[in-house]
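Enquirer: Here is my input, please return the structure:
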Amino acid sequence: MIGSKGEQLGVVSPAEGIQLAEKEGLDLVEIAASAQPPVCRIMDFSKYKYDQERKERELKKKQRQFRLKEIRVKPNIEEHDYQVKLKHTLEFLGKKDKVKVSLFFRGREMAHQEFGRKILDKFIQDTQTVGQIEKGPSQEGRIMSMTIAPK
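Expert: Here you go, the predicted model:
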């Protein structure tokens, strides 16, 4: 058991600990339940609860919530359209969002999957400076996709 000023009070029975806490006008709070014997401290419980919530808020603030953006292309994309899609991809990576590039095959385009692969390879080359490949190009039915994460 730990006292209200941080001093060690030794191993005490629960009833005695509650009595000591009431004498000081504070609460008996169990800090480490898994320890042998469990560690308790005499303190103001509402202040302890507030401090715990504040620490959680600080941790939440530091966590980065990433979003997954999707860019859809086709294997016979024109150069200008490709440049527009690339520009959007670079903007998303600049904002620290992940980008999923999905390439859709329609009809007979499935016979020439190498065209789609070339486009995805071109995306990889053009985004190397600001992004890194998280999941390489893979085929799932009529869709070939890859994921690019910001550096």
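
Enquirer: Would you confirm that residue 103 contacts residue 76?
Expert: No - contact criterion Cβ atoms under 8 Å: residue 103 and residue 76 do not qualify, at 10.6 Å. Heads up, the C-betas are built off the backbone N, CA and C, glycines and all.

Enquirer: Of those two, which one has the most company?
Expert: Between residue 103 and residue 76, residue 103 has the larger neighbour count (other Cβ atoms under 10 Å), namely 25 against 12.

Enquirer: what about the more buried one, distance to residue 140?
Expert: Noted for residue 103: a distance of 11 Å to residue 140, by Cβ to Cβ, to the nearest Å.

Enquirer: do the same with residue 118
Expert: For residue 118 relative to residue 140 (Cβ to Cβ), the value is 19 Å.

Enquirer: So for the two, which sits in the more crowded spot?
Expert: residue 118 (11 against 8).

Enquirer: so that one, which of the three states?
Expert: helix (DSSP: H, G, I helix; E, B strand; the rest coil).

Enquirer: Please determine how far the residue of the chain most remote from its centre is located from residue 29.
Expert: Distance from the centre of the chain peaks at residue 23, with 45.7 Å (Cα atoms, centre = their mean). Taking Cβ to Cβ as the measure, residue 23 falls 16 Å from residue 29.

Enquirer: buried set for the longest helix seen in the chain?
Expert: Using DSSP state H to define each element, the chain has its longest helix at helix 45-62. Within helix 45-62, no residue is scored as buried using 16 or more other Cβ atoms under 10 Å.

Enquirer: Quick one: list the elements packing against that helix.
Expert: Here helix 45-62 touches strand 27-32, going by 3 or more Cβ pairs under 8 Å, 6 or more residues apart in numbering; DSSP states H and E.

Enquirer: Right, I'll leave it there.
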